[in-house]
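Peer 1: Kindly return the folded structure for what I paste below:
(chains A and B)
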2 protein chains.
Amino acid sequence: MTSKTVAELLSQDVTLQDVSIKGWVRTFRAKRFIALNDGSTINNIQCVVDFENFDEAILKRITTGAAIHVKGELVESQGKGQSVEIVVKTLDILGDSDPETYPIQPKKHSFEFLRENAHLRTRTNTFSAVMRLRSSLSFAIHKYFNENGFNYMHTPIVTGSDAEGAGEMFKVTTLEAKNPPLNEDGTVNYKEDFFGKETNLTVSGQLEAETYAMSLGKVYTFGPTFRAENSNTTRHLAEFWMIEPEVAFMDLAGNMDLAEDFMKSVLSYILENNKEDLEFLDNRLQKEEEKLPQAQRSDMSLIEKIKFVVDNNFKRVSYTEAIDILRNCKPNKKKKFNYLINEWGADLQSEHERFLVEKHFKCPVILFDYPANIKAFYMRLNEPDAEGRETVRAMDILFPGIGEMVGGSQREERLEVLKEKMKALNIDEEELWWYLDLRKYGTAVHSGFGLGFERLVMFATGMSNIRDVIPYPRTPQNAEF
Amino acid sequence: MTSKTVAELLSQDVTLQDVSIKGWVRTFRAKRFIALNDGSTINNIQCVVDFENFDEAILKRITTGAAIHVKGELVESQGKGQSVEIVVKTLDILGDSDPETYPIQPKKHSFEFLRENAHLRTRTNTFSAVMRLRSSLSFAIHKYFNENGFNYMHTPIVTGSDAEGAGEMFKVTTLEAKNPPLNEDGTVNYKEDFFGKETNLTVSGQLEAETYAMSLGKVYTFGPTFRAENSNTTRHLAEFWMIEPEVAFMDLAGNMDLAEDFMKSVLSYILENNKEDLEFLDNRLQKEEEKLPQAQRSDMSLIEKIKFVVDNNFKRVSYTEAIDILRNCKPNKKKKFNYLINEWGADLQSEHERFLVEKHFKCPVILFDYPANIKAFYMRLNEPDAEGRETVRAMDILFPGIGEMVGGSQREERLEVLKEKMKALNIDEEELWWYLDLRKYGTAVHSGFGLGFERLVMFATGMSNIRDVIPYPRTPQNAEF
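Peer 2: Numbering: from 1, shown residues only, chains lettered A, B, ... in the order given. Have a look, this model is predicted:
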């Protein structure tokens, strides 16, 4: 009789059989009903103890958090809420859990408290559901790309280049912190550092992914990226995971098609494969919202929101069209925006993106063709428009409640245009010699995008703080665990 | 007429149809035959140009490495080596490739040269095959764990703890390199650093994975890990990817079963899904070996080696048995080993592992129950043996040609034993308070292992330098690209 998981037992039709199961006690009610969980599902299996036949000393040790081994008969449940339960024959305590000190009691804990106990928080329903969904979304991502002919690529984490300019970087070093070796001119001598030069943690794998797209055709990265920015918000982490596909011979329209198809596919996957976890989180969120005034509640439940994204086309709107909409919208005319939109060229703020997505279009929106001067150097320059305005083939995908989910572009494939752009922005050609080589030898149209994985997990779980969708969040002044 | 990939066209039966394809020229023979590749497969598609109908200026630009767009008819091939070919109707040059300067010419390049051109090396057959296999193995790993009820967990890359002791660490910091803020006692004031304390790059996600195993049951990590060790060998990287499953309620025997089943499953996956790439690499290796004296050649080809692992049981041998074998073996008696095995307790060197695997057992070997004092603090202590010797429930899996592929153990689940061990090794209890909590609250038997991903890719591709199985290797004095 090998041990089975709770998920296996609960999905079993056959009853009246010997079973063996190990797990952790969630609750022990009336000296009789143990709710046992082993992490395989959000559901507990009920283990019924005939307390008169068990030693009182054992019964006392059946406390919340204790690890136990139960053997017994799987039978149809008498109670409601479950189809089967276990009539316990033998019960062993594997590991006690002192109810006086165990932090995770069967009551509602604040997310702040659980963050301080992040090593135990997946013992709660909410966090176990969130992390199973995180895992499931990860798999859905790999599955999607694998089925569509992409190669997974591990881009380097430690990088000697800081040219991408996506944000502040962390230094990686083995030099003495206090008295580093110095050059004659008094600067730090990085030749003596481990890699023989200054190195940082990567902010993006895109540039390296481009090198592989220009040989393997379709590639993607899925790895950690870093920003040393002092942003203590509910939407920023210093360490987060990013997905970056990159495809040769694909233009911006193809990039939008890919991003939309990809998002729909991975969200469909969890609708199919994580029904119970989603229902739990959907319920949780509805209960949370009941506390809010009517006006602040969502129109849609969590599952409805996910289905809405899966079932509806993303609205594609050029930056220029978006500016027209924003300039003429009520909040702008009534000066309700913090940043008023007066003219073409303005960078869009979160309040504008939210207006477009949540009030105007009421669906995910793909904004494209942004002004060249507010976007990165590697984006493909369009021909100037009739009014001589310069735009690049960039796109951002905006999601309700989340804001920017995806940022991508067609890449500048023309060597001379790229060099001019780099020169204007003081980006060293020598440092990116290999990136320029891609434009020297067999250059072609290519495109890609980046998706912040935690943003996707937030959308899919309804969690509102990014610290609650990654196992051990790294933020300013915090690298606990 | 949308463009197709080379892989799609080559797998097509239907002939005589209009096709459109984009890719890079591998060779252009007799002004007539273009071998075109787009990274979707190791095979090229032959495009036949009727040169009399094409502009000489265009024909001159069909050089190795150039990106082109071909439209034409897919027909049964007249030549041998391919079933179909394209009769070219129109041909556009997308991006030129100057044959005078393009580094990747249609000839054999040394791996050293290609490492210096790592941004272009996947344009060769060998490296495209290696990287497609790397991708395929990654997917096989996620697939295996997903199908077996594991949750994928992203353990932190930046860590505040250096307790695991698996090796030298890289510091992560945003402090001024030259004049960092100091405390009154003259030490560096890490309170002013980004995370408010000293932080490093992780050497292993195991300890954090244990926290999730003790709530979600079965978890695994697959992420980058780091060693700041000055090892300039063909088997070491400063940045490499590691897979670390961790399972609650699983003992060392279960751990061995899991590791063996896992290895066989992912290797079976590539045998099924990467036939052409494996055949190419198999051939390459055979040609390489033909240059060696007979005695140094392998008994088995690459594919035979992979099949051998899939089809045969791994030999399980206790450390104590292994020492007996080694003590009495010829190379030991004849003093051929650099390190002679005289007594129980000796740490095994690579030469001993290779003897056991390649000469004695001639199959993958799982060594287990190692002396306690040569293994990590978190490994489960056995009862002393009849002679009072202390061992831990550790295991290493040794592969022919590679050496240690997997290292794992049952973890010490007893709070007091673990604390004593930490005390003896001067590991700070306060720093690992959360790790100890797992033993305070619902502790249970649990186990896991770590697999260096690049070692697996080396085994599966037959590549002998670890720098050639990761896109951009990080080694001492090298963080290029």
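Peer 1: burial measure for A:Leu292, as a count.
Peer 2: Neighbourhood size, A:Leu292 [other Cβ atoms under 10 Å in any protein chain shown]: 10. Yep, even glycine has a C-beta here, placed from its N, CA and C like the rest.
Peer 1: ugh, typo on my part, it should be A:Lys421
Peer 2: 19.
Peer 1: Please name the residues that touch the nearest residue to it once chain neighbours are set aside.
Peer 2: Excluding the flanking residues, the one nearest A:Lys421 by Cβ to Cβ, 6 or more residues apart in numbering or on different chains is A:Phe377, at 4.8 Å. Counting by Cβ atoms under 8 Å, 6 or more residues apart in numbering or on different chains, A:Phe377 touches A:165, A:412, A:418, A:421-422, A:425, A:427.
Peer 1: Where does A:Phe377 sit: helix, strand or coil?
Peer 2: Taken by DSSP: H, G, I helix; E, B strand; the rest coil, the conformation at A:Phe377 corresponds to coil.
Peer 1: What of A:Ala253?
Peer 2: Relying on three-state DSSP, one would call A:Ala253 helix.
Peer 1: circling back to that earlier point, let me know the closest of the contacts of A:Phe377 to B:Arg389.
Peer 2: Here the nearest of these to B:Arg389, counting by Cβ to Cβ, is A:Gly165; it sits at 58.8 Å.
Peer 1: about what we covered before: sort out which of the contacts of A:Phe377 are in strands and list them.
Peer 2: Among the contacts of A:Phe377, no member is found in strands (DSSP state E).
Peer 1: Show me just the buried residues among those.
Peer 2: A:412, A:418, A:421-422, A:427 (16 or more other Cβ atoms under 10 Å in any protein chain shown).
Peer 1: Need those in CSV (columns: pLDDT and distance to A:Ala394).
Peer 2: Output for those, formatted as CSV (pLDDT from 0 to 100; distance: Cβ to Cβ, whole Å):
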residue, pLDDT, distance to A:Ala394
A:Glu412, 98, 11
A:Leu418, 98, 15
A:Lys421, 95, 13
A:Met422, 95, 17
A:Ile427, 92, 18
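Peer 1: Can you add distance to B:Pro224 and give those residues back as JSON lines?
Peer 2: Formatted as JSON lines, the buried ones among the contacts of A:Phe377 follow (distance: Cβ to Cβ, whole Å):
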{"residue": "A:Glu412", "distance to B:Pro224": "29"}
{"residue": "A:Leu418", "distance to B:Pro224": "29"}
{"residue": "A:Lys421", "distance to B:Pro224": "31"}
{"residue": "A:Met422", "distance to B:Pro224": "29"}
{"residue": "A:Ile427", "distance to B:Pro224": "26"}
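Peer 1: Tell me which of those residues fall in helices.
Peer 2: A:418, A:421-422 (DSSP state H).
Peer 1: which bits of the stretch 301-450 of chain A sit near chain B?
Peer 2: A:413, A:434-435, A:437-445 (Cβ under 8 Å from any Cβ of the partner chain).
Peer 1: Need the max-distance pair from those residues.
Peer 2: A:Trp434 and A:Val445 (19.5 Å).
Peer 1: Just the pLDDT at A:Pro106, thanks.
Peer 2: Looking at A:Pro106, its pLDDT is 87.
Peer 1: what number of residues lie near the closest residue to it other than its chain neighbours?
Peer 2: Nearest residue to A:Pro106, sequence neighbours excluded (Cβ to Cβ, 6+ apart): A:Thr27, at 5.0 Å. Counted by other Cβ under 10 Å, the residues lying close to A:Thr27 total 15.
Peer 1: if you go through chain A in chain order, where are the helices?
Peer 2: Going by DSSP H, chain A shows helices at A:6-10, A:56-60, A:111-116, A:125-147, A:206-216, A:252-273, A:275-290, A:302-311, A:319-327, A:330-333, A:350-354, A:415-424, A:433-440, A:453-461.
Peer 1: Can you give the contact residues for the third one?
Peer 2: Right, the one you point to is helix A:111-116. A:103, A:120-121, A:124, A:127, A:465, A:467-468, A:473, A:480.
Peer 1: Now do the buried residues in it.
Peer 2: Quick answer for helix A:111-116 (16+ other Cβ under 10 Å): A:114-115.
Peer 1: thinking again about what came up before, pop out the phi and psi values for the residue nearest to A:Lys421.
Peer 2: Per-residue torsions, A:Phe377: phi -70, psi -30 (degrees, to the nearest 10).
Peer 1: And it, how far from chain B?
Peer 2: 18 Å (Cβ to the nearest Cβ, to the nearest Å).
Peer 1: What distance do you get for that residue to A:Asp257?
Peer 2: Look at A:Phe377 and A:Asp257: by Cβ to Cβ, to the nearest Å, they are 25 Å apart.
Peer 1: Cool, thanks, talk later.
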